[in-house]
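Colleague: Task: produce atomic coordinates for the following.
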Amino acid sequence: MQHTSTQEEAKRTRPVTVETELVAFGPVAEELGRVQPGTDLHLQGFVDRKGARDPRLELHVTEFGILAPG
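Modeller: This is a model prediction of the structure:
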């Protein structure tokens, strides 16, 4: 998953680009599985470690919506 946005920090605007893995379970996973790759989404959820011994982060998606093109 790639996130790209513009954020404000210390009264300055800066571009932000982040890539991370995402995970979803149950009906959310089934619905996400039907979304075409490259579709812009609004994701909600939480960030957690990949595992007890793996400190890398992943986004756990609990809700999502498809954004209108443009």
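Colleague: do you know how far Gly45 is from Gly51?
Modeller: Using CB to CB, to the nearest Å, we find Gly45 at a distance of 17 Å from Gly51. For the C-beta atoms, the positions are set from N, CA and C on the backbone; glycine is no exception.
Colleague: Tell me which of those two has more neighbours.
Modeller: Shown here are Gly45 and Gly51; by other CB atoms under 10 Å, Gly45 has more neighbours (16 against 9).
Colleague: Wait, a strand at the more buried one?
Modeller: Yes. The assignment for Gly45, made by DSSP: H, G, I helix; E, B strand; the rest coil, places it in a strand.
Colleague: Quick check, it in contact with Leu59.
Modeller: Yes. Gly45 is in contact with Leu59 according to CB atoms under 8 Å; the separation is 5.7 Å.
Colleague: Overlap of the contact sets of the two?
Modeller: Contact with both Gly45 and Leu59 is made by residues Leu22, according to CB atoms under 8 Å, 6 or more residues apart in numbering.
Colleague: How about the secondary structure of Gly38?
Modeller: Classification of Gly38 using three-state DSSP returns coil.
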